[in-house]
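**Q** here you go, sequence then predicted model.
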Amino acid sequence: MKTKSLERISVVVPKNPFTPPELTTVHHCLCALDVEKLMVWWPGLPHKPHADPKKVKAIQRSLDWKRVSQIGAYLLQEEIDNCGDLLDEVFGPIYHPKKNDPGREWPPQIRGTVKYAMSSFPFFTNVLVHVNGATFHPNPKISGTAEIGLDPTTKEFQLAVIDGQHRVNGAYFALMLRRKIDPDAKFEIPAE
């Protein structure tokens, strides 16, 4: 028997007077998602949440590994030396199995040190995701809020990053590097 793995996430549900009547049951929400879970749900290891090797192909275009590295360095606010090897260490288990697909060259060919842009508040704008198989429960006590339930073990569950694939991968890269000095580090990114 398969055990359920339900995630409950509080969300804000903005009102939109421009939504066509036939789409009123489709919910647009704002929340913060754990970047590590995002990398398991999408593009994720091909065997999670269920065996579907086509899942990794859901990326809208090939990843620019230099851009992913620069986002990681920006979030860490430090230069990243030996970046190609670190990318291979962090992302090899995820992307290496698809290395023979067009546009999926592996390992990344990043040489030298990756620089960063100084910031007093290193963060970025939200990513846009589309989720199928989620449950939606409006909060009757606070208008404009709700709770969504995600169960990545169900066959119906599918999460795709529509916009922000480099930010998701860059955030995951930064988090995995930070965990080398702080094993308990977590990072949530704004999602729409």
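**A** Perfect, I can see it now.

**Q** residues contacting the residue lying closest to Glu7 once chain neighbours are set aside?
**A** Counting by CB to CB, 6 or more residues apart in numbering, the nearest residue to Glu7 once its immediate chain neighbours are dropped is Leu150, at 4.4 Å. Backbone N, C-alpha and C define where each C-beta goes, glycine included. Leu150 makes contact with Leu6, Glu7, Ile9, Trp41, Val131, Gly133, Ala134, Phe157, Leu159, according to CB atoms under 8 Å, 6 or more residues apart in numbering.

**Q** just name the closest of those residues to His28, please.
**A** Relative to His28, the closest of the contacts of Leu150 is Val131; by CB to CB it sits at 11.2 Å.

**Q** give me the mean pLDDT for the helix or strand hosting the closest one.
**A** If you go by DSSP states H and E, Val131 is part of strand 128-132. The average pLDDT within strand 128-132 is 88.

**Q** who touches that strand?
**A** With CB under 8 Å, 6+ apart as the test, strand 128-132 has contacts from 33, 38, 42, 148, 150, 156-164, 191-192.

**Q** what's the ChimeraX line that selects buried ones from those residues?
**A** Burial among the contacts of strand 128-132 is assessed by 16 or more other CB atoms under 10 Å; the matching ChimeraX selection reads:
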select :33,38,42,148,150,157,158,159,160,161,164,191,192
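
**Q** tell me which of the contacts of strand 128-132 is nearest to Lys180?
**A** Proximity of those to Lys180 (CB to CB) peaks at Leu38, which lies at 20.2 Å.
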